[in-house]
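>>> Pasting a predicted model and its sequence here:
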Amino acid sequence: MDGVINVDKPSGPTSHDVVDRIRQLIGQKRVGHAGTLDPLASGVLLICIGRATRIVEYLMSAWKEYRVRMILGVETDTGDAVGQVTAEHDASGITRAAFEEVVSSFVGEIEQVPPLYSAVKHDGKRLYELAREGKIVQPSARKVTIYSIEVVSFDGDRQAQRKPQTREAELVVRCSSGTYIRSLCTDIGSRLGCGAHVSALRRTCVGKFRAEDAATLDELESAASEGRLKDYVMSLDRALELAEMPSVQVDQECVAAALNGRRIRCDFRGQDGTAVRILAPDGTLLAVGKTFRYNGKTGVHPQKVFIPENRGQ
């Protein structure tokens with residue numbers, strides 16, 4: 001089986017736990033995910049099966065949308081409700097207007113430091129692994145882009161377990177790949193001077209993959225027991241299309257060259273170095289490549305080739 005499943009990850013299990021469940025359902029080892037979700041988080045988790053594991057990097061590069069609930073006035077070591085409380089402050093004086101003003105200042109290209117408990121690697125080990133061993137490594141700041149932030153609610157209905165000096169807010173964030181929502185929320189809390197952490201997080205979109213179209217693990221298990229699991233597996237080309245990767249269609253005489261990884265001429269008017277799907281005249285995915293311009297000519301250089309299953313039959 002080759003393809004991508006849009007899974008609605010529940011809050012609780014890790015992304016790797018979901019991968020293991022899918023491996024058990026399909027009886028294949030070659031399964032991976034395109035973008036880690038924290039255990040607390042739910043929502044779109046793209047599971048790549050078979051040859052689709054070769055397009056993970058392209059799916060991960062798509063823009064993301066999150067719905068996040070945050071608590072102002074309480075800081076934790078992980079930046080979310082899973083961690084231990086490290087500091088508490090009085091956030092009762094923060095108004096919605098002040099909150100929205102600070103939030104708006106994060107829209108655009110910003111520098112962000114990943115959380116100490118994250119999947120970022122340092123010397124071959126994940127930061128969360130090092131943190132659990134008591135080895136605190138300060139990751140370097142990286143540039144990410146926040147396309148938009150909508151304040152859905154501020155301090156809504158009070159919950160009995162919440163302390164009166166805290167405030168609660170809910171945001172919808174659209175951002176580039178590589179953005180950490182925990183870091184965004186803790187940075188907002190720092191700018192407000194009261195600290196903050198994430199209490200709930202849901203990834204609602206990865207490119208055009210939507211949470212409302214995702215399948216739950218229970219749905220996938222039922223489908224597997226009835227022999228319908230393939231109904232949830234989309235082709236590599238469809239997955240790349242939903243990740244908003246553009247395409248170029250080549251002539252029949254260029255098909256063999258594309259499948260052999262040779263540079264070919266094509267008609268592409270986008271930016272040089274753009275990753276594109278290379279399609280045969282009948283629309284079959286042949287490869288993923290990068291565009292180039294040389295001496296006034298436009299072409300594409302195949303990077304990853306996908307031999308059609310019916311080739312030679």
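Perfect, I can see it now.
>>> Now do the contacts for residue 267.
Residue 267 makes contact with 248, 298, according to CB atoms under 8 Å, 6 or more residues apart in numbering. In short, each C-beta sits where N, CA and C put it, glycine included.
>>> Could you check how far residue 43 is from residue 7?
9 Å (CB to CB, to the nearest Å).
>>> cool, and residue 140?
Residue 140 is 31 Å from residue 7, where distance means CB to CB.
>>> quick one, which of those two is more surrounded?
residue 7 (25 against 10; other CB atoms under 10 Å).
>>> Compute the mean per-residue pLDDT across the host helix or strand of the more buried one, please.
Assigning secondary structure by DSSP states H and E places residue 7 in strand 3-9. The pLDDT scores in strand 3-9 average 98.
>>> Can you dump the C-alpha atoms of that strand in PDB for me?
What follows is strand 3-9, C-alpha atoms only, in PDB (Å, rounded to 0.1, in the frame of the first residue of the first chain):
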ATOM      1  CA  GLY A   3      -0.300   6.800  -0.200                       C
ATOM      2  CA  VAL A   4      -1.200   9.300   2.500                       C
ATOM      3  CA  ILE A   5      -3.900   9.100   5.200                       C
ATOM      4  CA  ASN A   6      -5.300  12.300   6.800                       C
ATOM      5  CA  VAL A   7      -5.600  11.200  10.400                       C
ATOM      6  CA  ASP A   8      -7.500  13.100  13.100                       C
ATOM      7  CA  LYS A   9      -5.000  12.500  15.900                       C
END
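>>> helices or strands next to it in the packing?
With contacts taken as 3 or more CB pairs under 8 Å, 6 or more residues apart in numbering; DSSP states H and E, strand 3-9 sits against helix 15-26, strand 42-49, helix 217-225, helix 236-242.
>>> What number of neighbouring residues does residue 274 come out with?
The tally of other residues near residue 274 (other CB under 10 Å) stands at 15.
>>> and if you look at the one 3 residues further on?
One way to gauge burial is a neighbour count; for residue 277, by other CB under 10 Å, it gives 24.
>>> Same question for residue 141.
12.
>>> Break down the stretch 51-200 of the chain into its helices, ranges please.
With helices called from DSSP state H, counting those that start in this stretch, the stretch 51-200 of the chain shows them at 56-60, 96-104, 127-132, 181-192.
>>> how about TSV for those, with mean neighbour count added?
As requested, the helices of the stretch 51-200 of the chain are exported to TSV (neighbours: other CB atoms under 10 Å):
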stretch	mean neighbour count
helix 56-60	18
helix 96-104	15
helix 127-132	16
helix 181-192	22
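>>> nearest to residue 168, of the ones you listed?
With CB to CB as the criterion, residue 168 lies closest to helix 96-104 of these, at 10.7 Å.
>>> average model confidence for the closest one?
Averaged over helix 96-104, pLDDT sits at 96.
>>> ok so, going back, how far off helix 15-26 does the strand holding residue 7 point, in degrees?
Computed by axes from the mean of the first three to the mean of the last three CA atoms, to 10 degrees, the angle separating strand 3-9 from helix 15-26 equals 120 degrees.
>>> Which residues does strand 3-9 contact?
Contact with strand 3-9 is made by 15, 18, 22, 34, 37, 41-50, 52, 55, 59, 209-211, 213-217, 220, 232-236, 238-239, as judged by CB under 8 Å, 6+ apart.
>>> Filter the residues you listed down to the buried ones.
Buried positions within these, assessed by neighbour count (16 or more other CB atoms under 10 Å), are 15, 18, 22, 34, 37, 41-50, 52, 55, 59, 209, 211, 214-215, 217, 220, 232-234, 236, 239.
>>> The residue nearest to residue 248 when sequence neighbours are not counted: neighbour count?
Using CB to CB, 6 or more residues apart in numbering and skipping residues adjacent in sequence, the residue nearest residue 248 is residue 266, 4.4 Å away. Neighbour count of residue 266, defined by other CB under 10 Å: 20.
>>> Am I right that residue 266 is in contact with residue 290?
No: counting by CB atoms under 8 Å, residue 266 stays clear of residue 290, with 11.4 Å between them.
>>> Find residues that contact each of these two.
residue 300.
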